[in-house]
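Peer 1: missing the sequence, but the structure's below:
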């Protein structure tokens, strides 16, 4: 009976634990190379950017600026971008929705709205695509000059 009580208490404590189970990393699951059991190399697209960051320099508060990140699919399969998101609502990317063939060039257009921003800014744009790894990040920077406040 003593062992049963200890076992029951142990099970109860484990069941009431507030820790969540560890998440499974889906990068391996989403990687087509891991799905091919034949041992043959699977064609993969690759995003090769001309530049991975861009600095707008000094801009005035409230100004909207934009930059185009040009890239080429240097892989050997069609590149499909499923999403592109900015690190905040002030950074809005637009990306091609159609597949990009191997050797083809395209671009990610990024608009940064400096309204309400002040000082040094560093924003990331994350693209999710059928590449390995499946996330690619580019960045924009600027120094937002706020108008002088009157005394």
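Peer 2: That came through, no problem. The structure displayed is predicted, hence computed values, not measured ones.

Peer 1: Make sure residue 72 is indeed in a helix.
Peer 2: No - Residue 72: not assigned to a helix; according to DSSP: H, G, I helix; E, B strand; the rest coil it is strand.

Peer 1: so what's it up against?
Peer 2: With contact taken as C-beta atoms under 8 Å, 6 or more residues apart in numbering, residue 72 is in contact with 47, 48, 103, 104, 105, 106. (C-beta placed from N, C-alpha, C; glycine too.)

Peer 1: Contact partners for the second one?
Peer 2: Read that as residue 48. With C-beta under 8 Å, 6+ apart as the criterion, the residues that contact residue 48 are 71, 72, 73, 74.

Peer 1: Identify the residues contacting the last one.
Peer 2: With contact set as C-beta under 8 Å, 6+ apart, residue 74 has these partners: 46, 47, 48, 102, 103.

Peer 1: Tell me, how many residues neighbour the second one?
Peer 2: Number of residues near residue 47 (other C-beta atoms under 10 Å) recorded here: 20.

Peer 1: so it touches residue 80, yeah?
Peer 2: No - the pair residue 47 / residue 80 is not scored as a contact, 10.9 Å apart, by C-beta atoms under 8 Å.

Peer 1: Residue 93: which of the contacts of residue 48 is nearest?
Peer 2: Sorting the contacts of residue 48 by distance to residue 93 puts residue 71 at the head of the list, at 12.4 Å, by C-beta to C-beta.

Peer 1: quick one: the closest one and residue 49 touch, right?
Peer 2: Yes - using C-beta under 8 Å, residue 71 makes contact with residue 49 at a distance of 4.6 Å.

Peer 1: Out of the two, name the residue with the larger neighbour count.
Peer 2: Taking neighbours as other C-beta under 10 Å, residue 71 and residue 49 compare with residue 71 leading, 24 against 15.

Peer 1: Please report how far the more buried one lies from residue 137.
Peer 2: 13 Å (C-beta to C-beta, to the nearest Å).

Peer 1: any chance of the contacts of residue 74 in CSV, plus secondary structure, distance to residue 116 and pLDDT?
Peer 2: What follows is those, written out as CSV (DSSP: H, G, I helix; E, B strand; the rest coil; distance: C-beta to C-beta, whole Å; pLDDT from 0 to 100):
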residue, secondary structure, distance to residue 116, pLDDT
46, coil, 37, 96
47, strand, 31, 96
48, strand, 35, 97
102, coil, 42, 97
103, coil, 42, 97
